[in-house]
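Novice: Attaching a predicted model along with its sequence, questions to come.
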Amino acid sequence: MNTKHQNIFSTLNPLHILIPILVAFLSSCIQVANPPFEVPSANDSQNNVLIQTPAPTETIVWFPATNTPTITPLPLPSATEVSISGIGENITVDPFSDLTKWTGIQESNPSPNRIILDEEGMVFALNEPPVRLSSLNTDLFLNDAFITITATINRCSTLDTYGVLFKASSEGIGNRLVLNCNGEIRLEQLRTNLVLPLLDWTKSGDVPFGAPGTVRIGIWTSGPEMRVFLNDHYQFTFFDSFYKTGSFGFFANSLDSAGLNIRFSDVEVHRVDYSSPTPTLAPSQTPLFRSSNTPTP
């Protein structure tokens, strides 16, 4: 070997020879680890070749289902049931056939504010307010009775009132059940030049709100006890013994410029044979007190 070839080999570093060999080895390993992808043929299923398919991508649930609580319905309060006790015989009443049995009735009255009596009932026509009209039956005095009347409201405003007089000796002395055109009810006592509220204004779903409207009024009395019903629905009970007997009648009061027009009809009167139960006091043992002798110092 000549001197020139010896210089070439002498200049080659062993690392320069090792690097190409290492690259060739790694290339062969990569080819073995990643064989070429082969598309399975139709006969692979017949040869029981297991073909793996990629798992489907999980779907994102944006509004996951939640447990909906079960709503328990609240029980609706029911009206207090109070019976109409002790109803006795029916008192034959034909109040609208005789003008002389009522106060405040004029057969020929040219006034725009007047009470009209016909075969169907008694009409209060209040056309020029402010005005108050009332009429009392002078033929029937009652102790304990159940009176029912139908009131038909044809024209009515918020400030107008109407109702029934009972246990009354005159138009200004007795008890008075008042209804207004705002769906409220009130119990009053009339004394000479004095109006005492026994039960102040109370909302009732049975009182017509404005006009037109119809309400069946029932007033039950037995001794000092008074029960009020509207459309056969119990309203309240009140105890008062100031007036023990009297007649009944009707009234209407209008303050609004539109006026008030109302008819009272279908009057029924029944006697009441009933005594309010008196609570019995339970006997109790009276404690015995023993005196103690205090020694004298």
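Specialist: Received the coordinates, thanks.

Novice: Give the other helices and strands that the longest strand anywhere in the chain contacts.
Specialist: Counting by DSSP state E, the longest strand found in the chain is strand 260-272. Using 3 or more C-beta pairs under 8 Å, 6 or more residues apart in numbering; DSSP states H and E, the elements in contact with strand 260-272 are strand 87-91, strand 121-126, strand 145-155, strand 213-222, strand 247-254. Placement of C-beta: from N, CA and C, glycine included.

Novice: Buried residues, it. List them.
Specialist: Leu260, Asn261, Ile262, Arg263, Phe264, Ser265, Val267, Val269, His270, Arg271, Val272 (16 or more other C-beta atoms under 10 Å).

Novice: Repeat that for stretch 212-220.
Specialist: Using 16+ other C-beta under 10 Å as the test for burial, stretch 212-220 gives Gly213, Val215, Ile217, Gly218, Ile219, Trp220.

Novice: Then stretch 156-166?
Specialist: Residues Cys156, Ser157, Leu159, Asp160, Thr161, Tyr162, Gly163, Val164, Leu165, Phe166 are the ones in stretch 156-166 that count as buried (16+ other C-beta under 10 Å).

Novice: any idea which of those is the one closest to Pro112?
Specialist: Checking the buried residues of stretch 156-166 against Pro112 by C-beta to C-beta gives Asp160 as the nearest, at 15.6 Å.

Novice: OK, contacts around the closest one?
Specialist: Residues in contact with Asp160 (C-beta atoms under 8 Å, 6 or more residues apart in numbering) are Leu126, Asn180, Cys181, Ala252, Asn253, Ser254, Leu255, Asp256, Leu260.

Novice: Look at the fourth one and report its pLDDT.
Specialist: The per-residue pLDDT reported for Ala252 equals 97.

Novice: The second one now?
Specialist: Reading off the confidence values, Asn180 has pLDDT 95.

Novice: Any idea how many residues pack against it?
Specialist: 21 (other C-beta atoms under 10 Å).

Novice: quick one on the thing from earlier: most tightly packed of the helices and strands packed on strand 260-272?
Specialist: By mean neighbour count, with neighbours taken as mean count of other C-beta atoms under 10 Å, strand 247-254 ranks first of these at a mean of 24.

Novice: mind listing what the closest residue to Asp256 other than its chain neighbours touches?
Specialist: In this structure, Asp256 finds its nearest non-sequential neighbour in Ser157, 3.5 Å apart by C-beta to C-beta, 6 or more residues apart in numbering. For Ser157, the contact set (C-beta under 8 Å, 6+ apart) comprises Cys181, Gly210, Ser254, Leu255, Asp256, Ala258, Leu260.
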